[in-house]
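*Asks:* Make a model of this:
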Amino acid sequence: MNKETVREIFAQVRNELYFPPCELEIIEKQEKNSEMPFYVLNTKVYISLNSIPNNVDEEKYLRSVIRHEISHLHYCPYDLRTAHELLKSAYNACRDWNLAYFSLLLFSDLNVDCFYLTKRFGEIPYHVDSFINSRESGINEYIQATYEQLLNKKKKNHKYSIETVARQIKTVMKSEKNWFSKVRLISKILAKYNVKVMIPKNKIGASSGNIPLREDLSKNTLEEALRAFGGIKERNEAKAFYTYWIEPRLKGSEIEKIKEELKKGKGKGKEKTGGAQKEKGRESGKMFKPSSGTGKEPTLPTSLGKPYSSIPENLTEDLVWRMLWYVARAKRAMLIYLEEGRRPEPRLSILKYPVDWSVEDDVEDLDLEASLDEGKIRVEVNTTKWESESKEKGNNLMVGRVPSSIIVLDSSKSMEKIFDDAATSAFISLLTSERIGSNTATINFSTDYYTKEWGCSILEKEIALAINFNDMTILPLNEILRLAEKNQNKILISIITDCGWQNIEEVLLSLKDIVDRGHKIIIFHLRGGEYLENLEKINKINRIRIIPIREPEKDLQNIVIRETVKEYGKELINLKQKN
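*Replies:* Predicted structure coming up:
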């Protein structure tokens, strides 16, 4: 089949079924039968000729498959939110994400092939007829038997258990129940008969293992998926969302390249962090057993903590999906904060000249340095602020001094239960700082630590903050000081922790030294473990702000945003994020 024939078939199907304008790309270099011959991503339709099976009429098969996939986009399940709600409904019935997704996949395919397309064109779809006539085994035999039952086209005898499952699913599909009830019942039937399934990365049954969705027609499919991803709060559900809705849509993205690099570089210390590689011959957690937060951990020296030169092998597997989840949650929290604040559309503001600052003005507007130039500060006598001039809409720049920022995240054992909320808050701090032009560095620590320097990309810093070491707790004082010395600007150091530092005595001296140098330290204190004695000691140091977080899931993210607003200024935080 030549390319011109493919274009004619695609044009025919587009006229038959609703399909918006898009770009067509025909793939020729691909292994035979590697995946379905049709998929959509970022408004581009890909058709692979080599994926068409042998012993079929190629034109009829391609036409039938395109009809099937397009029907998913505009009929069932339609969009990502509907699909995921259906998936959750199935999971609540069977408590198995793989089985739940298979139930949704089977329901969607049966709905499209046996009802929608059959009624629309008055015939059984060619690719379904081809599948029924093929020899199948395993999970595909269950699918084949179900198609035979629904289409009244029995071709061969199956095992009694397979026939029973197929008949029960037929009854569900032909009932007047809604989609959610049908998916839920299908998952219950499969669970009752102990049907085992692992969703493959390519073809399954009469269609692909992936379900096309309306978001696949958007210009940035991944960004659309991440918006929905940010609304998920529970870790297991987030992992399932990534597996079924995001990972299949990473083709050609920067995230896919990162995944491959992480796989290739597992545990290999090619890159130096903080000027030294992690010591060989000692793995974290081998010398002391970490506590879950009893407040009675042994005292450890700061020198015991070493820099990781690369991400440990056992931590890379879940790193990408967690990073994407934390980014999505952080962006969603920031968006909600800005929307609830009802701030006006930002305009270009240029600081023009100093004027007198009075007690009625916002304290954030007071320019201490300019006021001190006039001698000892006397309120409303020599206190000054900068008058700004607003320009037209469409600009997003404000001239002013922005402090640099070090985000320090505690990922020790005692933080395990609240780590997802803590990491999300660290991402909020990072993204907020980056969007207004602040220079940032990140440290993720437990026994050892992983640093991304001032000059590293934001993606590298996001990866660093997504790691959960789950070990002991040694605050890397020397690393914080080293980063502070490398930056000539004033620095805001945000530490998200439960303060269960096992090097607390060394910490007290170093923190005092840091604030004496003019830097600011904010500690977002979470109740991971109970470390009241440590907290009392830190509280005695002047100019260190400790902000208690009582309910991390409800409070932490908004508090991090609010405190960042205080430090950087509300006008800056409200600026639109650059594309």
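*Asks:* quick one, what contacts the closest residue to residue 468 other than its chain neighbours?
*Replies:* Leaving aside its sequence neighbours, residue 468 sits nearest to residue 411 (C-beta to C-beta, 6 or more residues apart in numbering; 4.9 Å). C-betas here are computed from N, CA, C, even on glycine. Listed by C-beta atoms under 8 Å, 6 or more residues apart in numbering, the contact partners of residue 411 are 419, 422-423, 444-446, 467-470.
*Asks:* which of these tops the neighbour count?
*Replies:* Among those, residue 445 has the most neighbours (other C-beta atoms under 10 Å), with 29 neighbours.
*Asks:* mind checking how far that one is from residue 300?
*Replies:* Relative to residue 300, residue 445 is positioned 12 Å away (C-beta to C-beta, to the nearest Å).
*Asks:* Also residue 548?
*Replies:* 25 Å.
*Asks:* the more surrounded of the two?
*Replies:* More crowded of residue 548 and residue 300, by other C-beta under 10 Å: residue 300, with 19 against 12.
*Asks:* what sits against that one?
*Replies:* The contact partners of residue 300, by C-beta under 8 Å, 6+ apart, come to 288, 447, 472, 474, 502-503.
*Asks:* export those to a markdown table and tack on neighbour count?
*Replies:* Formatted as a markdown table, the contacts of residue 300 follow (neighbours: other C-beta atoms under 10 Å):
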| residue | neighbour count |
| --- | --- |
| 288 | 15 |
| 447 | 26 |
| 472 | 28 |
| 474 | 24 |
| 502 | 24 |
| 503 | 21 |
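*Asks:* Nearest to residue 368 among the residues you listed?
*Replies:* For the contacts of residue 300, the minimum distance to residue 368 (C-beta to C-beta) is 33.4 Å, reached by residue 503.
*Asks:* wait, doesn't that closest one sit right on residue 474?
*Replies:* Yes. Residue 503 lies in contact with residue 474 (C-beta atoms under 8 Å); the separation is 5.2 Å.
*Asks:* Spell out which residues are contacts of both of these two.
*Replies:* Shared contacts of residue 503 and residue 474 (C-beta under 8 Å, 6+ apart): 300, 302, 304-305.
*Asks:* Nearest to residue 74 among these?
*Replies:* Nearest to residue 74 out of these is residue 305 (C-beta to C-beta; 55.3 Å).
*Asks:* Leaving out sequence neighbours, find the closest residue to the closest one.
*Replies:* Among residues not flanking residue 305 along the chain, residue 474 sits closest, at 4.0 Å (C-beta to C-beta, 6+ apart).
*Asks:* just residue 165 next, same as before
*Replies:* Per C-beta to C-beta, 6+ apart, closest to residue 165 is residue 193, 5.3 Å.
*Asks:* burial measure for that neighbour, as a count.
*Replies:* Applying other C-beta under 10 Å, I find that residue 193 has 13 neighbouring residues.
*Asks:* Phi first, then psi, for it.
*Replies:* Dihedral angles of residue 193 (phi, psi; degrees, to the nearest 10) stand at phi -90, psi 10.
*Asks:* follow-up on the earlier one: SS state for the residue nearest to residue 305?
*Replies:* coil (DSSP: H, G, I helix; E, B strand; the rest coil).
*Asks:* State the distance from it to residue 442.
*Replies:* According to C-beta to C-beta, residue 474 and residue 442 sit 17 Å apart.
*Asks:* isn't residue 476 right up against residue 445?
*Replies:* Yes. Residue 476 is within contact range of residue 445, at 5.1 Å (criterion: C-beta under 8 Å).
*Asks:* follow-up on the earlier one: quick check: the residue nearest to residue 165 vs residue 107, distance?
*Replies:* For residue 193, the distance to residue 107 equals 16 Å [C-beta to C-beta].
*Asks:* so residue 141 is in which element?
*Replies:* Per DSSP states H and E: residue 141 is located in helix 139-151.
*Asks:* Send me that helix as CSV with only the CA atoms.
*Replies:* Extracted in CSV, the C-alpha atoms of helix 139-151 (Å, rounded to 0.1, in the frame of the first residue of the first chain):
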residue,chain,number,x,y,z
ILE,A,139,-6.1,-12.8,28.0
ASN,A,140,-6.8,-12.4,24.3
GLU,A,141,-8.9,-15.5,24.3
TYR,A,142,-11.2,-13.9,26.9
ILE,A,143,-11.5,-10.8,24.7
GLN,A,144,-12.1,-13.0,21.6
ALA,A,145,-14.9,-15.0,23.3
THR,A,146,-16.6,-11.8,24.5
TYR,A,147,-16.6,-10.4,21.0
GLU,A,148,-18.1,-13.6,19.7
GLN,A,149,-20.9,-13.5,22.3
LEU,A,150,-21.8,-9.8,21.7
LEU,A,151,-21.7,-10.2,17.9
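*Asks:* Just the CA trace of the longest helix along the chain, in PDB.
*Replies:* Counting by DSSP state H, the longest helix found in the chain is helix 319-340. This file holds the C-alpha atoms of helix 319-340, laid out as PDB (Å, rounded to 0.1, in the frame of the first residue of the first chain):
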ATOM      1  CA  LEU A 319      11.700   9.000  40.100                       C
ATOM      2  CA  VAL A 320      10.200  10.300  36.900                       C
ATOM      3  CA  TRP A 321       6.500   9.800  37.700                       C
ATOM      4  CA  ARG A 322       7.000  11.300  41.100                       C
ATOM      5  CA  MET A 323       8.800  14.300  39.700                       C
ATOM      6  CA  LEU A 324       6.000  14.900  37.200                       C
ATOM      7  CA  TRP A 325       3.400  14.500  40.000                       C
ATOM      8  CA  TYR A 326       5.100  17.000  42.300                       C
ATOM      9  CA  VAL A 327       5.500  19.500  39.500                       C
ATOM     10  CA  ALA A 328       1.800  19.100  38.500                       C
ATOM     11  CA  ARG A 329       0.600  19.400  42.200                       C
ATOM     12  CA  ALA A 330       2.800  22.500  42.700                       C
ATOM     13  CA  LYS A 331       1.600  24.300  39.600                       C
ATOM     14  CA  ARG A 332      -2.000  23.500  40.500                       C
ATOM     15  CA  ALA A 333      -1.500  24.900  44.100                       C
ATOM     16  CA  MET A 334       0.100  28.100  42.700                       C
ATOM     17  CA  LEU A 335      -2.700  28.600  40.200                       C
ATOM     18  CA  ILE A 336      -5.400  28.100  42.800                       C
ATOM     19  CA  TYR A 337      -3.600  30.600  45.100                       C
ATOM     20  CA  LEU A 338      -3.500  33.200  42.400                       C
ATOM     21  CA  GLU A 339      -7.100  32.700  41.300                       C
ATOM     22  CA  GLU A 340      -8.500  32.900  44.900                       C
END
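*Asks:* Would you mark the buried spots in it?
*Replies:* The neighbour-count check on helix 319-340 (16 or more other C-beta atoms under 10 Å) flags 319-334, 337-338 as buried.
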